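Q: Predicted model and sequence follow; I will ask about them next.
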Amino acid sequence: MSIPQLTTEQLQAARAAATEARRARAELKAKVRTGALTLGAALDEASGDDVLAHVKVVDLLKSLPRVGEKRATAVMEKLDIAANRRVRGLGRHQMTGLKAEFK
């Protein structure tokens, strides 16, 4: 089983899609950082969007005002969320816990 060879056009399309996905995730974190979106709203938006669902939970928490590495890690440990967990992988109780923690 080998990696399929892509044409130049397919490679360009894949690069463009990846760039757009990174831009969308960065935009979500920027909205949280500026207060345009609450954490709950951001989680809801990410849950319904395949691209945004790949945002790491710790990165989303750290984009909140007054939340750094230390507090983000503490909250994730308290709610039993793995350090490398993405929004898509959150359970119902973890999602509820995060929303309650950052109202």
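A: Now that the structure is in, tell me what you want to look at. All figures in this text were calculated on a predicted structure; none of them were measured in a lab. Residues are numbered from 1 along each chain as shown.
Q: separation between residue 102 and residue 66?
A: 10 Å (C-beta to C-beta, to the nearest Å). Glycine gets a C-beta too; all of them are placed from N, C-alpha and C.
Q: Tell me which of the two has more neighbours.
A: residue 102 (16 against 5; other C-beta atoms under 10 Å).
Q: my guess is the more buried one contacts residue 37, does it?
A: No - applying C-beta atoms under 8 Å, one finds residue 102 not in contact with residue 37, separated by 11.5 Å.
Q: I'd say residue 37 and residue 27 touch.
A: No - using C-beta under 8 Å, residue 37 is not in contact with residue 27; the gap is 10.1 Å.
Q: more neighbours, those two?
A: Per other C-beta under 10 Å, whichever of residue 37 and residue 27 has more neighbours is residue 37, with 18 against 11.
Q: helix, strand or coil for the more buried one?
A: Assigned with DSSP: H, G, I helix; E, B strand; the rest coil, residue 37 falls in the coil class.
Q: number of nearby residues for residue 60?
A: Counted with other C-beta under 10 Å, residue 60 comes out at 24.
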